[in-house]
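K.L.:
Pasted the sequence and its predicted model underneath.
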Amino acid sequence: MSRVRLTEQKSYPFRYECVVRVYDVNMSGHVGTTEMVALLHQARHQLLMDNGLNELNLGDDETSIIMADMVLNFKKEIFLDDSIIIESNIGEISEKGFRFFHRVMKDGHPACLAESGAVAFNFQKRVIGKIPHTFREKFAL
């Protein structure tokens, strides 16, 4: 089975800095898949908040997101008390979804590349929605 290999983006305009906490490491003593997903979730939340949005409101008071997929490519281990920077970008915006691109940096080098797909969703109607115009404007390249 072939691996999915991610490539670094040209730019990651958003930065989220943190120190790895006790509950960010697994039984092997490093940040594993589950823990990395949680760290990326926090960075994603902060990216949206910094832009006046959140996962339940993409700017029109009705459109939320659901995560459709995620890929992680680990490059080096991350341990307890390590300082990391999660650099992020939003791209590939389509009518009904977009992608989050992340690069986790440790000591100035990539420790993980990650990519996830988000789909617009209206929880009141329980249907896939459309990405609001205001969201498109905020993240237009």
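P.N.:
Thanks, I have it.

K.L.:
host element of residue 45?
P.N.:
Per DSSP states H and E, residue 45 falls inside helix 33-50.

K.L.:
Now the element after that helix, going C-ward?
P.N.:
Per DSSP H and E, helix 33-50 leads on to strand 64-74 as the next helix or strand towards the C-terminus.

K.L.:
between the next helix or strand after that next one and helix 33-50, how big is the angle?
P.N.:
The C-terminal neighbour of strand 64-74 among helices and strands, as given by DSSP H and E, is strand 83-91. Angle, strand 83-91 to helix 33-50, by axes from the mean of the first three to the mean of the last three CA atoms, to 10 degrees: 60 degrees.

K.L.:
Show me what strand 83-91 is packed up against.
P.N.:
strand 14-19, helix 33-50, strand 97-106 (3 or more CB pairs under 8 Å, 6 or more residues apart in numbering; DSSP states H and E). Placement of C-beta: from N, CA and C, glycine included.

K.L.:
what's the last one packed up against?
P.N.:
Put plainly, it is strand 97-106. Packing partners of strand 97-106 (3+ CB pairs under 8 Å, 6+ apart): helix 33-50, strand 83-91, strand 109-122.

K.L.:
What is the last one packed up against?
P.N.:
Read it as strand 109-122. Here strand 109-122 touches helix 33-50, strand 64-74, strand 97-106, strand 127-128, going by 3+ CB pairs under 8 Å, 6+ apart.

K.L.:
Tell me how far it lies from the chain's centre.
P.N.:
Taking CA atoms, centre = their mean, to the nearest Å, the mean C-alpha location of strand 109-122 is offset from the chain mean by 4 Å.

K.L.:
quick one: strands adjacent to it?
P.N.:
strand 64-74 (antiparallel), strand 97-106 (antiparallel), strand 127-128 (antiparallel) (DSSP bridges).
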